[in-house]
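[1] Requesting a structural model of the entry that follows:
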Amino acid sequence: EDVPSQAFDNKDYFCGKETFPVYESIFTEEGETIRKIAIEIEKPPQIEIHVWTIRKGILHHFYVEKLSKREFEGLPYFKLITRTTLSQWKIFSEGEAQISQMCESRVCRTELEDLVKVLYLEKSEKGHC
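    Residues are numbered from 1 along each chain as shown. From the prediction side, this is the model:
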């Protein structure tokens, strides 16, 4: 279903740190799931997309691609899931590298789900940053 695109002010801050929009796309075809997690970065202005190909719960292929914002806007299926900080994105990327090695030979559904949860920022109470 079409959701009207929302223009986000890139001045959203979390505990004084700038946050960036994170998108997700999940596509399943013939027993294979392609899950894409994307972040919109301001400098340089681009979209970084992490693509996971999962077959029977096993991560078969993983790669990263970079697109311009214009190219990304033309892609279907992506929906905004959260905003995150660059430090959380770094934790996500490092965890992803470990999981891609660990999950070549075994089922890793929960590991991949837990990794995506890293991107969601905990809402802190004012004054607790």
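[2] all contacts plus neighbour counts: C-alpha atoms, from now on.
    Fine.
[3] you'd agree Thr85 is up against Val22?
    No. The criterion here is C-alpha atoms under 8 Å, and Thr85 misses it with Val22 at 9.8 Å.
[4] Return the alpha-carbon coordinates of the helix ranked longest in the chain using CSV.
    Using DSSP state H, we find that the single longest helix of the chain is helix 86-102. Provided in CSV are the C-alpha atoms of helix 86-102 (Å, rounded to 0.1, in the frame of the first residue of the first chain):
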residue,chain,number,x,y,z
LEU,A,86,25.9,7.1,13.2
SER,A,87,27.3,5.3,16.3
GLN,A,88,24.4,2.8,16.3
TRP,A,89,24.8,2.3,12.6
LYS,A,90,28.5,1.5,13.1
ILE,A,91,27.6,-1.1,15.8
PHE,A,92,25.0,-2.5,13.3
SER,A,93,27.7,-2.7,10.5
GLU,A,94,30.3,-4.4,12.7
GLY,A,95,27.7,-6.9,14.0
GLU,A,96,26.6,-7.6,10.4
ALA,A,97,30.2,-8.5,9.4
GLN,A,98,30.4,-11.0,12.3
ILE,A,99,27.0,-12.5,11.6
SER,A,100,27.8,-12.8,7.8
GLN,A,101,30.7,-15.1,8.7
MET,A,102,28.9,-16.9,11.5
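[5] what packs against it?
    When contacts are defined as 3 or more C-alpha pairs under 8 Å, 6 or more residues apart in numbering; DSSP states H and E, helix 86-102 packs onto strand 17-29, helix 109-117.
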